[in-house]
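K.L.:
what would the 3D arrangement of this be:
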Amino acid sequence: MSLIDAVVVVLGVALIAGELWFFLGPRKVSSVRSSPSTPQEIKVLVKGGYDPDTIPVEAGRPVRLLFYRDETEECSERVIFESLGIEKELAAFETTPVDFTLDKPGDYPFHCGLSVMHGRVVAQIGRDGARANLGKGHAKHG
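P.N.:
All right, here's what the predicted structure looks like:
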């Protein structure tokens, strides 16, 4: 084996090792930190009911529910959170945001205008509530 052959073999092995390290080596993991003032956005489909109908959130952080009403039924024209004093009209085939902050853990029920469809927001201490629905929802009202 000549000197040139040895150099080519060493360079080849080095290039293969570099390529393997590049593709299979450790990665930097970037995490997006959410601050206590960042709203927890959850998409809710309104069509014969609420989907999801149970929404876990983190207590003490703002909540933004994005109700997409995918129907024209009279019952679903409004959503009512009696314990929070919130009542919102939901336009058909549009997304309507409902914003609030739950300071205390607990169950916060909501229903339609005729009280036929029901759902609830469950405020929990810690981030597990906020992570439960992060990114979930329906493509129609993305």
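
K.L.:
now do Leu20, the pLDDT please.
P.N.:
Leu20 is assigned a predicted lDDT (pLDDT) of 80.

K.L.:
do a quick rundown of the helices in the chain.
P.N.:
Applying DSSP state H to the chain gives helices spanning 3-24, 128-132.

K.L.:
His118: which of these is closest?
P.N.:
helix 128-132 (19.0 Å; C-beta to C-beta). To be clear about C-beta, it is placed using only N, CA and C from the backbone, and glycine gets the same treatment.

K.L.:
where does this protein dip in pLDDT?
P.N.:
27-36, 127-142 (pLDDT under 70).

K.L.:
before we move on, the earlier item: for the helices of the chain, could you give me TSV that also reports mean neighbour count and distance to Thr96?
P.N.:
Formatted as TSV, these follow (neighbours: other C-beta atoms under 10 Å; distance: least, C-beta to C-beta, whole Å):
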stretch	mean neighbour count	distance to Thr96
helix 3-24	10	46
helix 128-132	17	21
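
K.L.:
show me what the nearest residue to Leu90 once chain neighbours are set aside bridges to in the sheet.
P.N.:
Closest residue to Leu90 apart from its sequence neighbours, by C-beta to C-beta, 6 or more residues apart in numbering: Arg69 at 4.3 Å. Arg69 has these beta-bridge partners by DSSP bridges: Val46.

K.L.:
quick one on the thing from earlier: distance to Glu74 added to the helices of the chain, as TSV?
P.N.:
Output for those, formatted as TSV (distance: least, C-beta to C-beta, whole Å):
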stretch	distance to Glu74
helix 3-24	57
helix 128-132	31
